[in-house]
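Undergrad: any chance you can model this:
(2 chains)
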Amino acid sequence: MSLPSTAMLVVILVTLPLAAATLLFASGRQPRTLTLAAALLLTFAALALGFNVHLEGVSVHRIGGWAAPLGIHWQVTPSGTVMLLVTALVGLAGAVYGAGYFLHRPGPEGRMARVFMPLWLFAWGGLNALFVAADLFNLYVALEVMTLASVALVALSARRMALQAAMRYLLAGLFGSMIYLLGVALLYGQYGVLDFDALAAMLDVEDAGSRAGAVALTVGLLAKAAIFPLHFWLPGAHGRAEPPVSALLSGLVVAAAFYLLLRLWFGPLAGMLTFGAGTLLGVLGAGALLWGGVLALLQRRLKMLVAYSTVSQFGFAMLVFPLAISGNREPVLAGGTLLLANHALAKAALFLAAGTLVRASGSERIGQLVGFSGRARWAWLAVILASAALIGLPPTLGFSAKWLLLQTAVSQGAWWWLGIMLAGTLLTFAYLGRLLELALLDPAPGPSPPPVLTPALLVPALLLALLACASGVWAFDFELDGETFVRLEPGS
Amino acid sequence: MSLPPGTLFLLASALLFAIGAHGLVTCRHLLRKVLALNVATTGVFLLLVTLGRSGTAVDPVPHAMVLTGIVVALSTTAVALGLIVRLERRRP
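TA: Below you'll find the model as predicted:
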């Protein structure tokens, strides 16, 4: 049996979630089988796409057969495929967990299930469009679809704190996309193109207007990726949202904005990644890493700890930029992509398991969590495995990612950045270790009778965590074969 | 003294952007923040259309972009207003 063509799969991946979401909204009922079928179909499409890219390599799809500059290109790149695959896996796990989590909840909370899946499918469609888009304006539209769906997902939790967090998130997100659009306008005014490849060939790195445009694009995306000091909206939005929502937002939506930063700076803007720009991005990352890590250490609520950990982990990911200033950029980009994939799988597992533990304990406070007993033990197992992946213990995916970056840092003699990486890893170890120590050595009895934990609340987190741990072996010495947008010298 | 064509539009767009950005930071009422964001976004739209007007020929692509941008801004404003209404209803 032959697989469907790459072009067909990409069209399915982008249009199916949007069409399914619209249909589900219109139907107004709770067709759980239908939503899960859509999620399964999307996962199969992403897996098939992964096989295709593995066999055939990179492909470009011209929508409607129109060529650039008038037409719109979709590019299926190896790094984008990794992101599409991870999105599908986390998406499916989140959908199954969400179906179990919102089931049999009384009153307005029960109604959440009806809107959770359509909203999640909208965000999923936006994410998929973003990972294949290859021009600046399409990315803007995909970003907006993703952001609006994410804000609505945070606002699902009807508590006032969550609504306030959603509002702050919306304002930060809209500010980010406005600045991004300003950058698009400045670059388009200069060159009259939006396509990544065309822009990379034409970009004059010395031109002040182009530099202003690059700065605007970057600041906009930094706000969306919650990079220090623009991270203020993230802990509230991710910590107060419902657990399946937190998992999807922390694992995928933030990662998508960061992935765009990678795509831009290793693609059309590669020539501008000078010592100054790279160092500045790295310093912001170091700030995020330390600030998020220390605050995670101080949190008393389980989900807030996990949310601050996201700030810290994306700070770590920002360290790819100073490492890419000189030398071979390919392993750095591969390491960055793996870091995003590892974080998506592990952090989603952590948030899903946290939701289960909070339900089992009847409290969000770390001191009042139930211990390693009963069915909650499976959630704890997921937390332990996900922690190992986030810290980067071998043989997890986190280890493979950090190994690529460490090798580069050592070969460049970048001891400062190496030190910051080690500090970040130690901080991660400290706050996750503190969580495990507090909860496992001094467990609370929990409510009686203990709440029922169905397999839907336990299995998705465990599988994601296992995947983050096991895929490290497969991804060791990962290379991005034929990544078209990696250009060491623009135009060459 | 004659200004180069489009200068007036560029100045207007910068002014709109500045007013909006200022409002976004200083206003405390959420409704004003959303309005400020809309003003600033209009500034960006004006810049986009002005920069696309090179010499005599008019480039249609920025117009298409601004049209899409207006639809996006409309949707985001609707979501923001809906959220503000829900927040007000839950005021303790």
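Undergrad: which residues of chain B lie near chain A?
TA: Counting by C-beta under 8 Å from any C-beta of the partner chain, chain B comes close to chain A at B:17, B:24, B:30, B:33-34, B:37, B:40-41, B:44, B:47-48, B:51-52, B:54, B:59, B:61-62, B:65, B:68-69, B:72, B:75-76, B:79-80, B:83-84, B:86-87, B:90-92. (C-beta placed from N, C-alpha, C; glycine too.)
Undergrad: okay, buried residues for the lengthiest helix in chain B please.
TA: In chain B, assigned by DSSP state H, the helix with the most residues is helix B:60-89. Within helix B:60-89, the residues that count as buried by 16 or more other C-beta atoms under 10 Å in any protein chain shown are B:61-62, B:65-66, B:69, B:72-73, B:76-77, B:79-80, B:83-84, B:87.
Undergrad: repeat that for stretch A:368-375.
TA: Neighbour-count burial for stretch A:368-375, counted by 16+ other C-beta under 10 Å, picks out A:368, A:369, A:370, A:371, A:372, A:375.
Undergrad: just give the nearest non-adjacent residue to the third one, would you?
TA: So that's residue A:370. residue A:446 (3.9 Å; C-beta to C-beta, 6 or more residues apart in numbering or on different chains).
Undergrad: before we move on, back to that, now render the buried residues of helix B:60-89 as JSON lines, adding pLDDT and distance to residue A:241.
TA: Below are the buried residues of helix B:60-89 laid out as JSON lines (pLDDT from 0 to 100; distance: C-beta to C-beta, whole Å):
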{"residue": "B:61", "pLDDT": "84", "distance to residue A:241": "38"}
{"residue": "B:62", "pLDDT": "87", "distance to residue A:241": "37"}
{"residue": "B:65", "pLDDT": "90", "distance to residue A:241": "32"}
{"residue": "B:66", "pLDDT": "92", "distance to residue A:241": "33"}
{"residue": "B:69", "pLDDT": "93", "distance to residue A:241": "28"}
{"residue": "B:72", "pLDDT": "92", "distance to residue A:241": "23"}
{"residue": "B:73", "pLDDT": "93", "distance to residue A:241": "25"}
{"residue": "B:76", "pLDDT": "93", "distance to residue A:241": "19"}
{"residue": "B:77", "pLDDT": "94", "distance to residue A:241": "22"}
{"residue": "B:79", "pLDDT": "93", "distance to residue A:241": "16"}
{"residue": "B:80", "pLDDT": "94", "distance to residue A:241": "18"}
{"residue": "B:83", "pLDDT": "92", "distance to residue A:241": "14"}
{"residue": "B:84", "pLDDT": "93", "distance to residue A:241": "18"}
{"residue": "B:87", "pLDDT": "89", "distance to residue A:241": "15"}
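Undergrad: okay, now the unreliable bits of chain B?
TA: Within chain B, the stretches falling below the threshold (pLDDT under 70) are B:1-5, B:54-56.
Undergrad: show me the contacts for the closest residue to chain A within it.
TA: In chain B, the residue that lies nearest chain A is residue B:51 (2.9 Å; C-beta to the nearest C-beta). With contact set as C-beta atoms under 8 Å, 6 or more residues apart in numbering or on different chains, residue B:51 has these partners: A:185, A:186, A:188, A:189, B:62.
Undergrad: residue 41: helix or strand, and which one exactly?
TA: Reading this off chain A. Assigned by DSSP states H and E, residue A:41 belongs to helix A:32-56.
Undergrad: that was the other one, I meant chain B.
TA: Applying DSSP H and E as the criterion places residue B:41 in helix B:30-51.
Undergrad: how about that helix, which residues are buried there?
TA: By neighbour count, with 16+ other C-beta under 10 Å as the criterion, the buried positions of helix B:30-51 are B:30, B:33-51.
Undergrad: quick one: the helix or strand following the helix holding residue A:41 to chain centroid distance?
TA: Heading C-terminal from helix A:32-56, the first helix or strand you meet, by DSSP H and E, is strand A:59-62. Strand A:59-62 sits 24 Å away from the centroid of its parent chain (C-alpha atoms, centre = their mean, to the nearest Å).
Undergrad: what does stretch A:125-142 give?
TA: That offset, for stretch A:125-142, works out to 15 Å (C-alpha atoms, centre = their mean).
Undergrad: local confidence estimate at residue A:457?
TA: Here, the pLDDT recorded for residue A:457 equals 88.
Undergrad: my bad, residue A:64
TA: 67.
Undergrad: from residue A:292, how far out is the residue nearest to residue A:305 when sequence neighbours are not counted?
TA: Of all residues not flanking residue A:305 in the chain, residue A:299 sits nearest, at 4.0 Å (C-beta to C-beta, 6+ apart). Taking C-beta to C-beta, to the nearest Å as the measure, residue A:299 falls 11 Å from residue A:292.
Undergrad: try residue A:264
TA: Taking C-beta to C-beta, one finds residue A:264 at 23 Å from residue A:292.
Undergrad: which residue sits closest to the residue of the stretch 351-492 of chain A found nearest chain B, ignoring its sequence neighbours?
TA: Residue of the stretch 351-492 of chain A nearest chain B, by C-beta to the nearest C-beta: residue A:364 (19.9 Å). In space, and not counting its chain neighbours, residue A:364 is closest to residue A:301: 4.6 Å by C-beta to C-beta, 6+ apart.
Undergrad: can you tell me what sits against the helix holding residue A:41?
TA: A:3-6, A:9-10, A:12-13, A:16-17, A:20, A:24, A:59, A:76, A:78, A:81, A:84-85, A:87-89, A:91-92, A:95-96, A:99, A:113, A:117-118, A:121, A:124.
Undergrad: again, 6 Å this time
TA: A:3, A:6, A:9, A:12-13, A:20, A:81, A:84-85, A:88, A:92, A:95, A:99, A:117 (C-beta atoms under 6 Å, 6 or more residues apart in numbering or on different chains).
Undergrad: in helices, which of those residues fall?
TA: A:6, A:9, A:12-13, A:20, A:81, A:84-85, A:88, A:92, A:95, A:99, A:117.
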